[in-house]
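Asker: what's the 3D shape of this:
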Amino acid sequence: MDPVMAEIGPVRLWYYGLAYAIGLLTVDLWVSLKRERLGFDGRDVAEFSLLFAAGVLLGGRIFDVALYEWFYYKDHLWQIPSLWQGGMATHGVLLGAVVGTLVFCRLRDKSFLEIADELVIPGAILMALGRIGNHINGEVYGSLTDAPWAMEFPYAEGCRHPVALYDGAKNLLLVPILLGVRSINLRRNGYLPRGLLLGHFVLWYGLLRLFVDYFREYD
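Answerer: Residues are numbered from 1 along each chain as shown. From the prediction side, this is the model:
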């Protein structure tokens, strides 16, 4: 699949960029819908969304460039800002989201755990959309297989597991898990302990990732 969605003169629109745009918009809309519960006003929502997006984009890119691909970018420094071509490390995205949220909490004197409990649900959707972008770019692929759904990738030989789609499906699976945890606790206890959903996100994201990575091939 061509990773370029459309071209308008010298400007290229990439599916990878669209995936992140929709994901960040999902976070913004979710926080806007939950602003009364979080004690946010319109300005808080806008400021948080900006800091969160900056944290995600900067964290994901810096982590990837510095730890995974510096061997390439040290000779191509001008390409570091080219986010639309891929190269966003998952660990950096998660760390950047945490840093952006912490900065907002410090500025606005808000509870990090309370906000994080709301963020993990749209955050899981953002992570899933990012994996779809990875798949379209062909930059994340699995091991060789003869499974009927195996696919060819531009940077690897043979037919391979579409592991980015596996990981995207895993991330989407977190949404009903987290909603179920919230519903059960509210029904049983009448309240949701701070940090509970964040803890479940970390647990299930990491645990299910172990099964997905069994099929992934790292360069």
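Asker: now Leu13: how far from Asp109?
Answerer: Using Cβ to Cβ, to the nearest Å, one obtains 39 Å as the distance from Leu13 to Asp109. Just so you know, the C-beta spots here come from the backbone N, C-alpha and C atoms, and that holds for glycine as well.
Asker: higher neighbour count, those two?
Answerer: Comparing Leu13 with Asp109 by other Cβ atoms under 10 Å, the one with more neighbours is Leu13, at 12 against 6.
Asker: quick one: contacts for the more buried one?
Answerer: By Cβ atoms under 8 Å, 6 or more residues apart in numbering, Leu13 lies in contact with 4-7.
Asker: go again using 6 Å as the cut-off
Answerer: 5-6 (Cβ atoms under 6 Å, 6 or more residues apart in numbering).
Asker: tell me the SS of it?
Answerer: Three-state assignment for Leu13 (DSSP: H, G, I helix; E, B strand; the rest coil): strand.
Asker: show me what it is bridged to.
Answerer: For Leu13, the beta-bridge partners are Ala6 (DSSP bridges).
Asker: pLDDT value on it, please?
Answerer: pLDDT, the model's per-residue confidence, is 90 for Leu13.
Asker: now it: how far from Ile80?
Answerer: Per Cβ to Cβ, Leu13 is found 21 Å from Ile80.
Asker: cool, Ala150 as well?
Answerer: As for Ala150, its distance to Ile80 is 33 Å (criterion: Cβ to Cβ).
Asker: again with Trp14
Answerer: Taking Cβ to Cβ, one finds Trp14 at 16 Å from Ile80.
Asker: would you map the strands across the protein?
Answerer: 4-8, 11-14, 151-153, 156-160 (DSSP state E).
Asker: using PDB, write out every CA atom in the last one.
Answerer: So the one you mean is strand 156-160. Output of strand 156-160 as PDB, limited to C-alpha atoms (Å, rounded to 0.1, in the frame of the first residue of the first chain):
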ATOM      1  CA  ALA A 156      12.100  -7.500   4.400                       C
ATOM      2  CA  GLU A 157      12.200 -10.700   2.200                       C
ATOM      3  CA  GLY A 158       9.500 -13.300   2.100                       C
ATOM      4  CA  CYS A 159       6.000 -13.400   3.500                       C
ATOM      5  CA  ARG A 160       5.700 -12.300   7.100                       C
END
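Asker: can you tell me the average pLDDT over it?
Answerer: Rounded mean pLDDT across strand 156-160 is 92.
Asker: switch to numbering from 532
Answerer: Let's use 532 as the start, then, which means that last one is strand 687-691.
Asker: contacting residues for the residue nearest the centre of the chain?
Answerer: In the chain, the centroid-proximal residue (Cα atoms, centre = their mean) is Met658; its distance is 2.6 Å. By Cβ under 6 Å, 6+ apart, the contact list for Met658 reads Asn702.
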